[in-house]
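the following comprises the amino acid sequence and a computationally predicted model.
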Amino acid sequence: MKIQDAIAMAVSGKNAKEGAKVDGHSFFIRSVKNKNRLKGDETSYFRHEHAGKDDRVFYTVKLGDKKGEYSAKLTRIQFRGPLVKNGFRDIGDHGIDVTDAVKLLKAAPGGWGSLAKAAKELDVQGFLDGDWVPAAAKVVDMIGQRMAAKR
């Protein structure tokens, strides 16, 4: 499934029926109306698919006053899988802003601060999955863009 189609389904309140790829990593995008497992002002979460239990990526999208305005943040990641014992990682007090993730990643190739540190500390099986967290940041940003455009 194309990532744009999976995100369109999620923003309209549906779960995608299959995974979608970003930068070679597969994600199962859940409805933004899903409120299970959320904390505080989190919008929803999606899963990074791999062997064993999928990792969970939680995020917050806040819409601005005008159509197209938004901010998108990664709030926590639950690294899971055959080599990890369910480790949540809260990402700072206010999350990490991933609005316009493509520009952020170009500005800081190879990792960005606390997000890169969190990934290295907890993603024990990262050597199997590769560096998937930047792709997850792009997914969060795309969800924010779609939500803001749909207003």
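Received it, and whenever you're ready, just let me know what you need. Numbering: from 1, shown residues only.

report the longest strand in the protein, please.
strand 70-81 (DSSP state E).

so who does Tyr70 touch?
61-64, 99, 144-145, 147-148 (C-beta atoms under 8 Å, 6 or more residues apart in numbering). Using the backbone N, CA and C atoms, a C-beta is placed for each residue, glycine as well.

which of those residues are buried? Put it as a PyMOL command.
Burial among the contacts of Tyr70 is assessed by 16 or more other C-beta atoms under 10 Å; the matching PyMOL selection reads:
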select buried, resi 61+99+144+145+147+148
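
and of the contacts of Tyr70, the nearest to Arg76?
Val61 (14.7 Å; C-beta to C-beta).

dihedrals phi and psi, the closest one?
phi -120, psi 130 (degrees, to the nearest 10).

so it is in contact with Tyr45, correct?
No. Taking C-beta atoms under 8 Å as the definition, Val61 is not a contact partner of Tyr45, at 11.8 Å.

so which bits of the longest strand of the chain are buried?
Quick answer for strand 70-81 (16+ other C-beta under 10 Å): 70-81.

for the protein, give the helix that spans the most residues.
Secondary structure assigned by DSSP state H gives helix 133-150 as the longest helix of the chain.

which parts of it are buried?
Here helix 133-150 shows 133-148 as buried, counting by 16+ other C-beta under 10 Å.

ditto for stretch 6-26
Those would be 6-7, 9-11, 14, 16, 19-20, 22, 25-26, for stretch 6-26 by 16+ other C-beta under 10 Å.

farthest-apart pair in these, please.
Of all pairs in these, the most separated under C-beta to C-beta is Lys14 and His25 at 21.7 Å.

any weak-confidence spans in this structure?
81-94, 96, 101-130 (pLDDT under 70).

three-state assignment of Ile7?
Secondary structure, DSSP: H, G, I helix; E, B strand; the rest coil: Ile7 is helix.

going forward can the numbers begin at 13, since that is how I track them
New numbering, starting at 13: the last item is Ile19.

so Met13 sits against Lys29, correct?
Yes. Counting by C-beta under 8 Å, Lys29 is a contact partner of Met13 at 7.3 Å.
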